[in-house]
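**Q** the following block contains a protein sequence and its predicted model.
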Amino acid sequence: MKNSTVFDCKIIEFNKQSNNITIENKMDIPFDVKRIYYLFDVKNSSIRGEHAHKDLFQVIFGLNQGLKIKIDDGQNKKIINLNNSNQGLLIVPGIWRSLTEFFPESICLVLASELYSEEDYIRDYNEFLNFKK
Ligand code: TYD
């Protein structure tokens, strides 16, 4: 998705029932979940992400104390504070993202539309800008 913009990325609000949240394939998110991974014990000074994906859709949660995500489509940038357990950020393909400001207990949970593939990553920012042209 070369033409995607940060405005295609949106916060999805999930149903909270007292203290649990259920996420069901296709009903709550717009893709089949093929992979789940999470980041924990990330130093506050660390910057994670710093890449874009060519075809991968993701929903990203900042659980416990949360984190910040900067998203960038090459023209527009947005900074989102993810610290609500019933909110996930849908990131569409073709968006550069950086994850910062982790707390000691923060967990970044990621639901992904595809299995891991290094070929799907763009890890160089100039290459990303070329991809978006
Ligand atoms: P990467 O996605 O590059 O970084 P970040 O967590 O900062 O967004 O992942 C870090 C390393 O882990 C990288 O070498 C690739 C590897 N990895 C897998 O093997 N499988 C996966 O599902 C993921 C997400 C990463």
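**A** Cool, got the structure.

**Q** contact residues of the protein facing the ligand?
**A** Neighbours of the ligand within the chain, by C-beta under 6 Å from any ligand atom: 35, 37, 39, 48, 49, 116. Every residue, glycine included, has its C-beta placed from N, CA and C.

**Q** ChimeraX command for the buried members of those?
**A** Those of the residues of the chain next to the ligand that count as buried under 16 or more other C-beta atoms under 10 Å are selected in ChimeraX with:
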select :39,48,49
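
**Q** strands of this structure, residue ranges please.
**A** 10-13, 16-17, 20-21, 35-39, 48-53, 58-63, 67-72, 77-82, 87-91, 96-100, 107-112, 121-122 (DSSP state E).

**Q** lowest-confidence stretch among these?
**A** Ranked by mean pLDDT, the strands of the chain bottom out at strand 16-17, with a mean of 89.

**Q** end to end on stretch 10-24, go ahead and measure it.
**A** 18 Å (C-alpha to C-alpha, to the nearest Å).

**Q** buried residues in that stretch?
**A** Quick answer for stretch 10-24 (16+ other C-beta under 10 Å): 14, 23.

**Q** ok now it, how far from the chain's centre?
**A** 16 Å (C-alpha atoms, centre = their mean, to the nearest Å).
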